[in-house]
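[1] coords below, sequence missing:
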């Protein structure tokens, strides 16, 4: 077991842990929670040996093997598979031992090194590494690509695979989307697990013990994060009641002392009460973390629609030519909508958001903006919109000159203070801020701009749970429109009332909630897995046919044809679903058009005739657009079927 007794930890002159004692038992799955800067990463540094306690005793069994997911992004041109392989320190040590033994021509050492390699599982190490990489969402053709050719999010997945290499992993459930897959993986893992995460649903799914780090103290709670919140709330109520009761008792004793200490007849009783006060073990008041709340300013106007995307193509421009990721996109964004954008990494979610945010050019089609549209954009990598050498105040001064030149410096300082940038912190270079602090600064800059359309690309990556909850509350109060890309399911559930699915080169509405989306991921994984199996089977059968000159056997032929029919149904299902919706909308508009024409054939006041005429014109335009979409959909279905 891991044991901490009366531990004190410092970073510079700051004490992060003081008189901390806790025991972590083998096989426990523990969530370590606390505000950003409370000392969670410092505690991890103690566990992995890179930092030593300033006082107290720390013990971890010498036989335990430790794997940790590094927070920094790897910068290396190593192939992805080799990078992950090197996470298995036992294997690396065995390979180094063999190299040294062969260099010295020591036969006994060579034999010992080969035994070490066998114990480390060298025979299937590459296969294990690639299984982990594929399980985290990578494709076969990416296994040997250089690590630094991937985006930050994908490199962090490689860091995760590198850490998992040291552990005895199961080999099932590798087809799920990365987060769902990781939950299943960790739930089955039999070792001891300590997790720092700000994802409430992830912690609830995986952990069974919670360590809370606050005010230099470490408190252990039985249960996952939701259970911890409930237990802590009860503890706060009880402790606050005990503190209040003690304060009443102290006040009563002090009142007696003050009243009778000068009277000879009561001096003895007064003195005994003085001693009682001195002996009393004082209870501390509850000092909970100050709640962080903010709100988005009311937009000056709300255009409707906010955006109209017509037959658009999204992607990147390069010297080698345009790389199209999404095409044929036709969507409208209306005032007040809360849209969650779903889809696996690499499918084009960020590309869509960046293009709408005007940081990437549109490759084809049109994006028509409503009059008075003001966009607030939160980039997945905060430094994309921040200047590392400047402080928060410099960022706000520059922004204020663009948005509100009349703003005074003190007003900007007060505003930054509401986002926890106080005193000299307003001048601290952004490059030295933590990820959570950078994220809060980006949020502050967005709020100042009074946007009516929020484009949020993974806004919670570095936010602690308190700030995530504050963001969710602010978004629910926001009067404008939200397009949200996030892996935080709690935030998506709290904020979004409809979803778009980005995948297979397009964008379509997703009919369902997040539970339906998880089922969709499972179905997609099953479809891809069966498709790969059938492709391999068909290739093998074709090769056998070329060799023997015989046709496919009837059973295999039926299987291949059934697979083709299933793939065709999967391919055309979204088109047919949209076709049914278009037909339903056309029917409703046609009925309204007929009723309006009948109404216009009767005597009416001039004002009502003008209003009805404008509505009739709008209905005709909408019907024409729907008819064009109906023709396009039927054409696509016919082409797919052919």
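    Received the coordinates, thanks. Keep in mind that this is a model prediction, so the values were computed, not measured.
[2] For the helix or strand residue 4 falls within, buried residues please.
    Secondary structure from DSSP states H and E places residue 4 in strand 2-11. If you call a residue buried by 16 or more other C-beta atoms under 10 Å, then strand 2-11 has these buried ones: 2, 4, 7, 9, 10. Placement of C-beta: from N, CA and C, glycine included.
[3] One more: stretch 574-581?
    Quick answer for stretch 574-581 (16+ other C-beta under 10 Å): 574, 575, 578, 579.
[4] residues in contact with it?
    508, 509, 511, 630, 633, 634, 636, 637, 640 (C-beta atoms under 8 Å, 6 or more residues apart in numbering).
[5] measure stretch 594-606 end to end?
    20 Å (C-alpha to C-alpha, to the nearest Å).
[6] Off-centre distance for that stretch?
    With C-alpha atoms, centre = their mean, to the nearest Å as the basis, stretch 594-606 stands 54 Å off its chain's centre.
[7] re earlier: for PyMOL, write the selection for the buried entries among the contacts of stretch 574-581.
    Buried residues within the contacts of stretch 574-581, by 16+ other C-beta under 10 Å, are selected in PyMOL with:
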select buried, resi 508+630+633+636
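[8] which ones are touching residue 495?
    338, 340, 472, 475, 476, 482, 484.
[9] Which ones among these map onto helices?
    Members of those lying in helices (criterion: DSSP state H): 472, 475, 476.
[10] State the pLDDT value of residue 157.
    pLDDT for residue 157: 79.
[11] Hmm, residue 142 and it touching each other?
    No. Using C-beta atoms under 8 Å, residue 157 is not in contact with residue 142, being 10.8 Å away.
[12] More neighbours: the two, which one.
    residue 157 (24 against 17; other C-beta atoms under 10 Å).
[13] Skipping adjacent residues, who's closest to the more buried one in space?
    residue 136 (4.6 Å; C-beta to C-beta, 6 or more residues apart in numbering).
[14] what's the burial count for that neighbour?
    The tally of other residues near residue 136 (other C-beta under 10 Å) stands at 24.
[15] Surely it and residue 160 touch.
    Yes. Counting by C-beta under 8 Å, residue 160 is a contact partner of residue 136 at 6.5 Å.
[16] Identify the contacts common to those two.
    Shared contacts of residue 136 and residue 160 (C-beta under 8 Å, 6+ apart): residue 182.
[17] picking that back up, and the buried residues of stretch 574-581, which of them are in strands?
    Assigned to strands by DSSP state E, none of these qualify.
[18] hang on, the earlier thing: quick one: which of the ones in helices among the contacts of residue 495 is most hemmed in?
    residue 475 (21 neighbours).
[19] Contacts only, for it.
    Contacts of residue 475 (C-beta under 8 Å, 6+ apart): 296, 338, 454, 482, 484, 494, 495.
[20] hmm, try it at 6 Å
    482, 495 (C-beta atoms under 6 Å, 6 or more residues apart in numbering).
[21] Next one: it from residue 359, what distance?
    Residue 475 sits 22 Å away from residue 359, going by C-beta to C-beta, to the nearest Å.
[22] try residue 57
    53 Å.
[23] can you check residue 583 too?
    From residue 583 to residue 359 the distance is 38 Å (C-beta to C-beta).
[24] swap in residue 97?
    From residue 97 across to residue 359, the span is 50 Å (C-beta to C-beta).
[25] and if you look at residue 313?
    Relative to residue 359, residue 313 is positioned 16 Å away (C-beta to C-beta).
[26] the more surrounded of these two?
    residue 313 (17 against 13).
[27] looking at this, the more buried one is in a helix?
    No. Counting by DSSP: H, G, I helix; E, B strand; the rest coil, residue 313 falls outside a helix, being strand.
[28] which residues touch it?
    324, 327, 363, 364, 365.
[29] Between all of the residues you listed, which two are separated the most?
    Pairwise distances across the contacts of residue 313 (C-beta to C-beta) peak at 11.0 Å, for the pair 324 and 365.
[30] coming back round to it: would you mind checking which of the buried residues of strand 2-11 is nearest to residue 305?
    The closest of these to residue 305 turns out to be residue 9 (C-beta to C-beta; 54.2 Å).
[31] From residue 579, how far off is the closest residue to residue 622 other than its chain neighbours?
    Spatially, and ignoring its direct neighbours in sequence, residue 622 is nearest to residue 589 (5.7 Å; C-beta to C-beta, 6+ apart). Relative to residue 579, residue 589 is positioned 16 Å away (C-beta to C-beta).
[32] same thing with residue 312?
    According to C-beta to C-beta, residue 312 stands 20 Å off from residue 579.
[33] and residue 454, that's in a helix?
    No. Counting by three-state DSSP, residue 454 is located in no helix; its state is strand.
[34] who's it bridged to?
    residue 376, residue 482 (DSSP bridges).
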